[in-house]
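**Student:** Return a 3D structure for these sequence lines:
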Amino acid sequence: MRLHWPSAAAEWTEALPVGNGRLGAMVFGGTGRSRVQVNDATVWSGTAAGPSRALADVLASGAGPHRLAQVREAIFGGDLERATELLMSFEGPYSQTFLPYVDLWITLPVGESHGRTLDLATGVVTERMTIGGSDVVRRVWASETALCVEITGAVPSAVEISTPLREVSRNGLNLVVEIPVDSAPRHEPQVEAPVYGDGERGAVTVKVHSGERWLLTLTSSTTTESSWSGRRHGDHMTLMDACDVRFGDVPDVVDVLDLLSGKDEQLIASVLFAYGRYLLVSSSRPGAPPANLQGIWNDELRPAWSSNYTININTQMNYWAAEVTGLAECHDPLLELLEKLAVTGAEVARSLYGARGWVAHHNTDAWGWSLPVGMGHGAPSWAIWQMGGAWLVQHAWDHYDFARTWSTLERAWPLLRGCAEFCLDWLVEGPDGYLDTCPSTSPENWFLDSSGAPQALSWSVTMDVVLVRAVFERTSALALASGRSDPVLAEISAALPRLRPVPVVDGRLGEWAVDFVEEDPSHRHLSHLVSVHPLGQVVAGTPLGDAAAASLDRRGPGAMGWSWAWKMALRARLGDGETVRALLLEASEAFTGDRHRDAPVDGSEWGGLLPNLFSTHPPFQIDGNFGFTAALAEVVVQSHAGVVDVLPALPAGWSRGSARGLRCRGGLSADITWHDGDISVRLRRLSGDASEVVPVRIGEEVTEVVVTDVVELQGRVSC
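**Tutor:** Sure thing, here's the model as predicted:
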């Protein structure tokens, strides 16, 4: 699939992304002086010692196990103002910022550009131009080791390099820069801009080769890269070829302006599925940091929310599509970050809460930040949430569950076991005998207390309970699969029956343990429905599934890119393909507002797609793009409930299509074609237990098969 734009980019949100997981670039194109904006995934503000220094400062302010006991006493006693005041002392500074790096400026004679094409399969941006009556072609791509610019038919008159960072030295086109030691998000305007000191450094080397073709290569090295494994592997074309999903007819070349007109909804679905995979392949490869809020592309010194890792939904959504669409290698950077957090978060758990295991909160960064953030004035609705690790660690389980190999099990076990230890020690007996999480917030949401004042702190919000349950059950499952005997298993067995059941309020799945009045019934976050997607604890066709659907109905339609994507995934899990379709049509409308203005975070101003198909709030956040891919995969195949469910949420009008290489839990790959109700399924075993019985559902029929190699099935559903 190739995507075509008829003209060069006038601004960043029109430029086209390329990347190899380490180097990323936004390609503007055009004749005359044109820009290629470059990022390196390891260029973050901060230092390796930053998290430990911040923890020491927080402890010095009086935070710790004794004050935690006071917070809990205040919450259970109903004094939420006192609890909030005490809890503010647990907040450290902000986690660090993913920064822009350098700009390449390439000057050609002025001529006519005939547009740019992004080839998703190869990762190459091609631009055709006419200059002085001659045909000129420029190609830009990221090879395994370098950013490459190739021009045939002309030779640039000038090549320049600039940087928004502090320049240390320059030798022609080779540059050394200093990276700031601290930076805060732009929603803290009173905080100084990026601070320089004895920081990390980055070096850019540019080489130009002239001959039958003109070729520029840019390579990068940083002092921060040593904090990552550097184990590079994964070829772009091989990764992209691992999976493909098409709804209806898909041309070889897609005119993006025509696509954004919304005329062909199945083509929109096909393009967004492929584009999300392309962005993940380009921004997340082994050996470098994982994809952040903007993937690997950022040109601002103080980007929205520091372009870091927001782990109450956004980072998780970045990787929902990794396993199911055949990109397990691209999942590796997130697992490596988890392994960092298991180290930094262990000291925070012990010192701040007197707990074993490891903890993470609302944000993290490339250094493994695990403290609460907020600088002592962050609202507890987002700054105080001890379940960030408990959600993020589910990705270690998913990596195992899809593959079912010994290596993925051994990688997941210490991460889940450590998280389970923290959860065991975090639980406290509540007034009615249940084991509660306290303090507890439903991320970024508020309820009204008896006086009508908005509050965030309570105990055992639904999201906390289902995450803890998932950590306990999945830790136990890993132990069983590996034949382990571990003392933590007995503790888990004793704690599981004492967790609060999921509440149902007025037929809806509840968000808090108590029937609080919601401040915003249409809130953009859907934290209490994490049991539906991605955890799969609540499934369609059950009383809790019906309650989840009722809760979604109350929330209403979309709000912004990632919220639309989560609602699509939830509706797909509940078998509601028509609402998936309606949400997709909302989310894929062309954004016509001010791209340079950050909209309110309450979702009151809906986003859409930017000219380069990035999903925007605004501002741009890449999680929406990744989430669309994951949700559309759920439309075609699901495997979370012990059954391979084929086309469980296909909209009625999408009567023809194909899928190749979608992965199912248990080590399976599925190829599916459908046409006017006739369905053909080909299951192939990639790994796991070849003697295991696999139930397969096509329509209302369930067939049990043993997939030792390849099994082919036929079926029919009413359209």
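**Student:** so what pLDDT did the residue in the chain sticking out farthest from the centre get?
**Tutor:** Using CA atoms, centre = their mean, the residue of the chain lying farthest from its centre is residue 133. It sits 46.1 Å away. With respect to pLDDT, residue 133 has a value of 95.
**Student:** With residue 212 instead?
**Tutor:** 81.
**Student:** For it, which non-adjacent residue is spatially closest?
**Tutor:** Spatial nearest neighbour of residue 212, chain neighbours left out: residue 152 (7.7 Å); criterion: CB to CB, 6 or more residues apart in numbering. Every C-beta, even on glycine, is put in place using the N, C-alpha and C of the backbone.
**Student:** Pretty sure the one you found sits against residue 214.
**Tutor:** Yes. In terms of CB atoms under 8 Å, residue 152 counts as a neighbour of residue 214; the distance is 7.4 Å.
**Student:** More neighbours: which of those two?
**Tutor:** Counted by other CB atoms under 10 Å, residue 152 and residue 214 do not tie: residue 214 has more neighbours, with 19 against 14.
**Student:** what are the bridge partners for the more buried one, then?
**Tutor:** Residue 214 has these beta-bridge partners by DSSP bridges: residue 151.
**Student:** and it, what is it in contact with?
**Tutor:** Contact analysis of residue 214 by CB atoms under 8 Å, 6 or more residues apart in numbering lists 150-152, 154-156, 208.
**Student:** could those go into JSON lines alongside pLDDT?
**Tutor:** As requested, those are exported to JSON lines (pLDDT from 0 to 100):
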{"residue": "150", "pLDDT": "98"}
{"residue": "151", "pLDDT": "97"}
{"residue": "152", "pLDDT": "97"}
{"residue": "154", "pLDDT": "95"}
{"residue": "155", "pLDDT": "95"}
{"residue": "156", "pLDDT": "96"}
{"residue": "208", "pLDDT": "96"}
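**Student:** Of those, select the buried ones using a ChimeraX command.
**Tutor:** Of the contacts of residue 214, the buried ones can be selected in ChimeraX as follows, counting by 16 or more other CB atoms under 10 Å:
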select :150,151,154,156
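**Student:** between the contacts of residue 214, which is nearest residue 567?
**Tutor:** residue 150 (42.3 Å; CB to CB).
**Student:** gap between that closest one and residue 139?
**Tutor:** 5 Å (CB to CB, to the nearest Å).
**Student:** same question, residue 149
**Tutor:** In terms of CB to CB, residue 149 sits 8 Å off from residue 139.
**Student:** Between the two, which is the more surrounded one?
**Tutor:** residue 149 (24 against 19).
**Student:** Might one say that that one is in contact with residue 213?
**Tutor:** No. Counting by CB under 8 Å, residue 149 does not reach residue 213; the two are 10.6 Å apart.
**Student:** Scan this protein for its longest helix.
**Tutor:** helix 328-353 (DSSP state H).
**Student:** so who does residue 574 touch?
**Tutor:** So residue 574 contacts 532, 540, 545, 548-549, 552, 649 (CB under 8 Å, 6+ apart).
**Student:** now residue 609
**Tutor:** Counted by CB under 8 Å, 6+ apart, residue 609 has contacts 260, 587-591, 615-616.
**Student:** Please spell out the PyMOL selection for the buried subset of those.
**Tutor:** The PyMOL selection below is limited to those of these classed as buried (16+ other CB under 10 Å):
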select buried, resi 260+587+588+591+615+616
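**Student:** Dump the contacts of residue 609 into JSON lines; add distance to residue 69 as well.
**Tutor:** Output for these, formatted as JSON lines (distance: CB to CB, whole Å):
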{"residue": "260", "distance to residue 69": "55"}
{"residue": "587", "distance to residue 69": "45"}
{"residue": "588", "distance to residue 69": "50"}
{"residue": "589", "distance to residue 69": "51"}
{"residue": "590", "distance to residue 69": "53"}
{"residue": "591", "distance to residue 69": "48"}
{"residue": "615", "distance to residue 69": "43"}
{"residue": "616", "distance to residue 69": "44"}
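**Student:** hang on, the earlier thing: looking at the contacts of residue 574, which has the most residues close by?
**Tutor:** residue 532 (30 neighbours).
**Student:** how near is that one to residue 226?
**Tutor:** From residue 532 to residue 226 the distance is 41 Å (CB to CB).
**Student:** and if you look at residue 53?
**Tutor:** 20 Å.
**Student:** go on, residue 674?
**Tutor:** 49 Å.
**Student:** Look at those two and report which has more neighbours.
**Tutor:** More neighbours surround residue 674 than the other of residue 674 and residue 226, with 25 against 12 (other CB under 10 Å).
**Student:** Mind telling me what element the more buried one is part of?
**Tutor:** Using DSSP states H and E, residue 674 falls within strand 668-675.
**Student:** ok, that strand: who's next to it in the sheet?
**Tutor:** strand 656-664 (antiparallel), strand 678-685 (antiparallel).
**Student:** Need those strands in TSV (columns: mean neighbour count and distance to residue 609).
**Tutor:** Formatted as TSV, the strands paired with strand 668-675 follow (neighbours: other CB atoms under 10 Å; distance: least, CB to CB, whole Å):
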stretch	mean neighbour count	distance to residue 609
strand 656-664	21	21
strand 678-685	18	31
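**Student:** Ok, which of those strands comes nearest residue 164?
**Tutor:** Nearest of the strands paired with strand 668-675 (CB to CB): strand 656-664, 40.1 Å.
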